[in-house]
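Asks: I'd like to go over a predicted model; first the sequence, then the structure.
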Amino acid sequence: MYYDFPIQYDEPVFRPPSEGRSLLIQQTIGCSNNKCTYCNMYRSKTYKERNPSEVVEDIRKAGAYYRRFEMRPSKVFLCDGDALGAPTEDIYKSLLAIREEFGDIRVGVYATAQNMLDKTDEELRFLKEAGLGICYLGMESGCDKVLHMTVKGNTAQDMIDGSLKVMAAGMKLSVIAMLGLGGKKHTQTHVVETAKVLSKISPDYLSFLTTMAVEGTPYHRMVTRGFEMLTTKEILGEMHDILSGIQASREILLRINHVSNMYPIGGSLPQDQATIIQQVKQWYNEAPVGTYPPKPSHM
């Protein structure tokens with residue numbers, strides 16, 4: 001019944017786990033940074049901002065499709081890697097078309113710290129009022145050495161400033177941190193500084209990914225040349241220590257459910273913090289020494 005979906009995507013297309021049932025609309029193609037050493041998601045693409053009329057046409061086609069089946073999507077997610085970097089007027093046109101087709105529906109978007117900083121406070125409030133409800137930030141680390149090593153493109157302070165700016169505009173913020181990103185060399189500072197930055201931001205949502213050396217990436221080449229990645233036990237140690245170091249100033253919903261994570265868990269910080277930390281400690285104690293997290297087949 002659903003074989004004739006009318007939108008043609010410039011693949012590959014990615015979205016957060018929580019957007020698994022969302023209608024995906026490509027506002028931009030690729031990633032404006034596209035230099036992160038560990039990431040291969042958009043290396044096959046050249047970044048570009050789509051013509052807003054083409055994006056609106058995709059939304060119109062999707063609306064007609066859903067009406068055929070007397071349905072509507074639960075949410076909409078604007079792709080690709082950092083669609084918040086598109087011109088504000090272009091995003092607004094998309095949000096207006098989404099509201100016209102689907103009514104009051106939550107719209108999400110990937111964002112970088114730079115995207116957030118480049119938008120004025122007025123622009124962010126304007127987009128919030130038009131329907132942009134949540135931004136997903138791949139913070140990865142709160143350690144500037146690790147951010148520089150992985151060519152993330154922003155500092156830890158940029159992450160803090162951009163995040164607080166988005167939340168002040170009334171949007172929800174979901175932050176992703178990467179376990180093991182600094183390897184053995186930077187694990188201590190990665191843990192301490194990441195917990196500090198997460199405490200200062202206290203985002204609405206927090207999730208962890210486990211760092212994988214994906215073939216074809218500079219990070220993989222670093223590993224083949226001797227960069228020491230963390231074992232399963234050490235990854236769990238980082239998770240335990242980061243969670244222990246977070247001092248949330250408001251409720252944070254924790255969701256560790258990405259495919260890269262061996263041990264899914266969730267809850268609310270600080271309410272469930274002690275229980276979650278105890279569970280992670282148990283996994284740490286049970287984990288065999290010298291083994292590494294299995295890499296998902298698609299990675």
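Replies: It's in.
Asks: low-scoring pLDDT stretches of the stretch 151-299 of the chain, where are they?
Replies: 296-299 (pLDDT under 70).
Asks: which helices and strands does the top helix by length along the chain pack with?
Replies: When the chain is parsed with DSSP state H, its longest helix is helix 183-201. Packing partners of helix 183-201 (3 or more C-beta pairs under 8 Å, 6 or more residues apart in numbering; DSSP states H and E): strand 132-140, helix 144-149, helix 156-168, strand 172-179, helix 232-245. Every residue, glycine included, has its C-beta placed from N, CA and C.
Asks: can we see that at 7 Å?
Replies: Judged by 3 or more C-beta pairs under 7 Å, 6 or more residues apart in numbering; DSSP states H and E, helix 183-201 is in contact with helix 144-149, helix 156-168, strand 172-179, helix 232-245.
Asks: The ones you listed: which one's closest to Met41?
Replies: Set against Met41 and scored by C-beta to C-beta, the helices and strands packed on helix 183-201 come closest in strand 172-179, at 12.8 Å.
Asks: So what's the gap between that closest one and the chain middle?
Replies: 6 Å (C-alpha atoms, centre = their mean, to the nearest Å).
Asks: what residues does it touch?
Replies: 16, 133-141, 163, 166-167, 194, 198, 201, 203-211, 235, 238-239, 242 (C-beta atoms under 7 Å, 6 or more residues apart in numbering).
Asks: just stretch 137-149 next, same as before
Replies: Stretch 137-149 is contacted from outside by 111, 113, 150, 152, 154-156, 159, 163, 173, 175-178, 181-182, 186, 189-190, 193-194, 196-198, using C-beta under 7 Å, 6+ apart.
Asks: Repeat the analysis, applying 8 Å as the threshold.
Replies: Here stretch 137-149 makes contact (C-beta atoms under 8 Å, 6 or more residues apart in numbering) with 36-37, 110-113, 116, 150, 152, 154-156, 159, 162-163, 173-178, 181-182, 186, 189-190, 192-198, 201, 203.
Asks: Share the number of residues neighbouring the closest residue to Arg106 other than its chain neighbours, please.
Replies: Among residues not flanking Arg106 along the chain, Gly133 sits closest, at 4.1 Å (C-beta to C-beta, 6 or more residues apart in numbering). By other C-beta atoms under 10 Å, 17 other residues sit near Gly133.
Asks: right, and Gly133 touches Val107 too?
Replies: Yes - here Gly133 reaches Val107: they are 5.8 Å apart, a contact under C-beta atoms under 8 Å.
Asks: Using CSV, write down the CA coordinates of the strand or helix carrying Trp283.
Replies: Assigning secondary structure by DSSP states H and E places Trp283 in helix 273-286. Presented in CSV, the C-alpha positions along helix 273-286 are these (Å, rounded to 0.1, in the frame of the first residue of the first chain):
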residue,chain,number,x,y,z
GLN,A,273,20.7,8.9,38.7
ALA,A,274,21.8,6.7,41.6
THR,A,275,19.9,3.7,40.3
ILE,A,276,21.2,4.1,36.8
ILE,A,277,24.8,4.5,38.0
GLN,A,278,24.5,1.4,40.1
GLN,A,279,23.3,-0.6,37.1
VAL,A,280,26.2,0.6,35.0
LYS,A,281,28.6,-0.3,37.8
GLN,A,282,27.2,-3.8,37.8
TRP,A,283,27.7,-4.1,34.0
TYR,A,284,31.2,-2.8,34.5
ASN,A,285,32.0,-5.3,37.1
GLU,A,286,30.6,-8.2,35.0
